[in-house]
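> have a look at this prediction, sequence included:
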Amino acid sequence: MNTHDFLLRAVQAAKDAGHIWPEYAACEAALESGWGNSQLARECNNLFGQKSGHTSGQYPQKSIPTHEWSDGHLVPARASWPVFPDWKTSFMERMGLLNSLSVYQDAISATTGKDFVVKVSAHWATDPDRAAKVLNIYSHHFGD
């Protein structure tokens, strides 16, 4: 799937799931899933790297290797991931997690998509450059 098709599908799934800032969320999903090419995205419909235990439903689980940032370096890790039935569920579960944790309340109440990405990125991932990477994807595909 090319980047344009990925974003079209992801934006629609985000909208169908009621995710805030769907275009920005689709750009987050592009970064987190390697444009849908990661093993996690292909085998689990898990576009955000959402780990087991952080979902509202009972989903099958799959153990897949990953990498986490630690002290400025990527290190190998292994985690258990929920297998979602589709992309809409991935966006819906992600939104549910954002709403359920107080650390994301500033992101939920953001008044711009850019502010949302910056605030959610401060806690969502261990990559210190995550927000800049997501905003670059957005700028390239949707404009400023």
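Great, that's in hand.

> settle this for me: residue 110 is touching residue 121, isn't it.
No - Residue 110 lies out of contact with residue 121 (Cβ atoms under 8 Å); the separation is 11.4 Å. C-beta: built from backbone N, CA, C; applies to glycine.

> tell me which of these two has more neighbours.
residue 121 (21 against 18; other Cβ atoms under 10 Å).

> so what's that one closest to, chain neighbours aside?
Nearest residue to residue 121 in three dimensions, chain neighbours excluded: residue 131, at 3.8 Å (Cβ to Cβ, 6 or more residues apart in numbering).

> quick one, phi psi at residue 65?
When read as degrees, to the nearest 10, the backbone of residue 65 gives phi -70, psi 150.

> residues in a beta bridge with it, which ones?
residue 78 (DSSP bridges).

> and what of residue 69?
Counting by DSSP bridges, residue 69 forms beta bridges with residue 74.

> what's the local residue count around it?
Applying other Cβ under 10 Å, we find 14 residues neighbouring residue 69.

> and for the one 3 residues further on?
Here the count is done by other Cβ under 10 Å, and residue 72 has 6 residues near it.

> likewise for residue 108?
15.

> if I pick it, what's in contact with it?
Neighbour list for residue 108: 20, 98-99 [criterion: Cβ atoms under 8 Å, 6 or more residues apart in numbering].

> could you dump the one helix or strand the residue nearest to residue 121 maps to to PDB, C-alpha only?
Element membership of residue 131 [criterion: DSSP states H and E] is helix 130-142. Written as PDB, here are the backbone C-alpha positions of helix 130-142 (Å, rounded to 0.1, in the frame of the first residue of the first chain):
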ATOM      1  CA  ARG A 130       8.100  11.600  17.800                       C
ATOM      2  CA  ALA A 131       6.200  14.800  17.600                       C
ATOM      3  CA  ALA A 132       8.500  16.400  15.000                       C
ATOM      4  CA  LYS A 133       8.300  13.200  12.900                       C
ATOM      5  CA  VAL A 134       4.500  13.100  13.000                       C
ATOM      6  CA  LEU A 135       4.200  16.800  12.200                       C
ATOM      7  CA  ASN A 136       6.600  16.400   9.300                       C
ATOM      8  CA  ILE A 137       4.300  13.600   7.900                       C
ATOM      9  CA  TYR A 138       1.300  15.800   8.300                       C
ATOM     10  CA  SER A 139       3.000  18.800   6.700                       C
ATOM     11  CA  HIS A 140       4.100  16.700   3.700                       C
ATOM     12  CA  HIS A 141       0.800  15.100   3.100                       C
ATOM     13  CA  PHE A 142      -1.800  17.600   4.300                       C
END
